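A.B. asks: Sequence and predicted model, in that order:
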Amino acid sequence: MPQESDQKPAKAQDFVHLHLHSDYSLLQSTVQLKPLAKRLVEFEMSACALTDLGNMYGTVSYFNTMKYSGIKPIIGYDAHLTLGSRGEQSSSLAAGERAYYGLVLLATDLEGYQNLAWLASKAFTEGFYHRPRIDMDILAEKSKGLIALSGGLDGTVGHYLANDDHKKATEIAGKFSDIFGPERFYLEIQDRGGDMELNRKIVDLSKELSLPIVATNDVYYMERGDARAREALIAINDGRSVPAAGQTEANSYKYLRSAEEMWEIFGGELPESLNNTLKITEMCNLVIPMGDDVRRLRISLFRTNSQTSRATNISSTSSAKVSKSVLRPNGCRSRKPEY
C-alpha cells in the first residue's frame, strides 16, 4: 500500500459527498477513482464516500486511493431494497410500488464494514432478481455499525412522498428509524432541478418524526458536461439508442458539485443538511485492515473460533457420556457409566 498523505482538516462551510458512484457501478457511472481524488483535492474537500450500486467491488482501491491523497474515505453501499421478500421472484407489483428502492448505507467501523459486505453478498446469492436485492429482514439483522440515508427520490420515503402517500412514507421512515436508531437514519434531500417541492415534504416529515436531514448530490459523473457520456453508458446497458441531447440536459445535475455550490443551494434555508454531512463523516472511522493487520485479525478470529469449537465439542461429549450412562431401576445412575 502506498504511503498515505496527511488527512485534510474540514473548513468552514465544508461539505462531504456521501452519495457517489464510481465506474464500479457498471455502465452507470463515468467517475474514475484517481481523477476523483484529484478533483476532491482541488475542491479542498476533507472526505468523501463511495456508494456504488449494488456492489462493493471498488472498496479497497477507493480506500487506498483516497488515503494516499489525504482524503478521508467513507465506505458505503447503495443497496437495492425490496419491501417484499428478497427470495421472491415475481414481476407483479401492487399499484404505486417499485420492484426495489435505493438505500444508502455507510460503515462507521469494521463491524459495519463486515455487515455491508455480508449484505452485498446476500443480495447476490439470495436476492438476485434483475438486481441484487436485500430486504428489511436481513437489514435489521445486520444494521450494527451502519448509518442509513433514505436515498432521495429513488428511495422509499421519497417515492411515497412524491406520490402524495404521506402515511406510507411515515410508516417506512419509522421502520428505518427503529432499525438504525433515530440518530443513524437520515432523510436525504437533493437538487435535481425540480425536487424542491419534494424536499419541502421531506423536511416537514423530518420535523414530524424528529429525524435529521442530510443533503447529497447522487453523483454519477465529474463534470456537468459528462451527462451525455453517462447517457451513452446507460443506453449500452439497456440495449437502446442514446437519447436526444435535450433529455440529457434535463438530467445533468448528478455531477461532482463543490462545497460552495452545495451551500449556495441549501445553505440559506437548510444549513443543517450540509453540516450533517460533516457530523456523519466524524462518525465514520473505518480502517480497513491491510498487511500485518489482516494477518493479526485472521489469527484472532481463528483463535476465537477454535476456542468456541473446542468448548462446543467438550459440551457435546459430556452430554453424550451422560446420556449413555446406565440407569438403575430406581432412576439412580450406575457407578460405571457406559461410554
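C.D. replies: Thanks, I have it. Numbering: from 1, shown residues only.
A.B. asks: For the longest strand along the chain, name the packing helices and strands.
C.D. replies: Ordering each strand of the chain by length in residues (DSSP state E) puts strand 72-82 first. Strand 72-82 sits against strand 47-50, helix 59-68, strand 101-107, helix 110-125, strand 133-135, helix 136-141, helix 271-283, with contacts defined as 3 or more Cβ pairs under 8 Å, 6 or more residues apart in numbering; DSSP states H and E. For the C-beta atoms, the positions are set from N, CA and C on the backbone; glycine is no exception.
A.B. asks: hmm, who's touching the fifth one?
C.D. replies: What that stands for is strand 133-135. Strand 133-135 has contacts (Cβ atoms under 8 Å, 6 or more residues apart in numbering) with 79-86, 100, 119, 122-123, 127.
A.B. asks: Of those residues - the most surrounded one?
C.D. replies: Within the contacts of strand 133-135, most neighbours by other Cβ atoms under 10 Å means residue 79, with 27 neighbours.
A.B. asks: what pairs with that residue across the strands?
C.D. replies: Here residue 79 sits in beta bridges with residue 103, as judged by DSSP bridges.
A.B. asks: do you know how far it is from residue 159?
C.D. replies: As judged by Cβ to Cβ, to the nearest Å, residue 79 and residue 159 stand 15 Å apart.
A.B. asks: do the same with residue 177
C.D. replies: Taken as Cβ to Cβ, the span from residue 177 to residue 159 is 17 Å.
A.B. asks: tell me which residues in the helix or strand hosting residue 234 are buried?
C.D. replies: For residue 234, the enclosing helix or strand under DSSP states H and E is helix 227-238. By 16 or more other Cβ atoms under 10 Å, the buried positions in helix 227-238 come out as 227, 230, 231, 233, 234.
A.B. asks: What is the nearest of those to residue 204?
C.D. replies: residue 227 (30.6 Å; Cβ to Cβ).
A.B. asks: Excluding sequence neighbours, find me the nearest residue to that closest one.
C.D. replies: residue 252 (3.8 Å; Cβ to Cβ, 6 or more residues apart in numbering).
A.B. asks: Now do the contacts for that neighbour.
C.D. replies: Contacts of residue 252 (Cβ under 8 Å, 6+ apart): 224, 225, 227.
A.B. asks: Check which helix or strand it maps to.
C.D. replies: Counting by DSSP H and E, there is no helix or strand that carries residue 252.
A.B. asks: Look up how far residue 239 lies from it.
C.D. replies: Taken as Cβ to Cβ, the span from residue 252 to residue 239 is 23 Å.
A.B. asks: same thing with residue 216?
C.D. replies: 30 Å.
A.B. asks: who has more neighbours, the two?
C.D. replies: Comparing residue 216 with residue 239 by other Cβ under 10 Å, the one with more neighbours is residue 216, at 26 against 6.
A.B. asks: and that one, what pLDDT?
C.D. replies: At residue 216, the model reports a pLDDT of 97.
A.B. asks: can you pull the contacts of it?
C.D. replies: Per Cβ under 8 Å, 6+ apart, neighbours of residue 216: 17, 18, 19, 104, 149, 152, 188, 189, 190, 277.
A.B. asks: among those residues, which are in helices?
C.D. replies: Per DSSP state H, helices hold the following members of these: residue 277.
A.B. asks: Which member of the contacts of residue 216 is positioned nearest residue 205?
C.D. replies: Checking the contacts of residue 216 one by one against residue 205 (Cβ to Cβ), the nearest turns out to be residue 189, at 10.7 Å.
A.B. asks: so where does the closest residue to that closest one other than its chain neighbours fall, helix or strand?
C.D. replies: Leaving aside its chain neighbours, residue 189 sits nearest to residue 199 (4.5 Å; criterion: Cβ to Cβ, 6+ apart). Assessed by DSSP H and E, residue 199 sits inside helix 196-209.
A.B. asks: what angle separates that helix from helix 271-283?
C.D. replies: In terms of direction (axes from the mean of the first three to the mean of the last three Cα atoms, to 10 degrees), helix 196-209 departs from helix 271-283 by 70 degrees.
A.B. asks: related to what we said a few turns ago, quickly note the distance from the residue nearest to residue 227 to residue 188.
C.D. replies: 20 Å.
A.B. asks: ok, now residue 141?
C.D. replies: Distance from residue 141 to residue 188, by Cβ to Cβ: 23 Å.
A.B. asks: beta partners of the nearest residue to residue 211 once chain neighbours are set aside?
C.D. replies: Spatially, and ignoring its direct neighbours in sequence, residue 211 is nearest to residue 187 (5.5 Å; Cβ to Cβ, 6+ apart). Residue 187 has these beta-bridge partners by DSSP bridges: residue 213.
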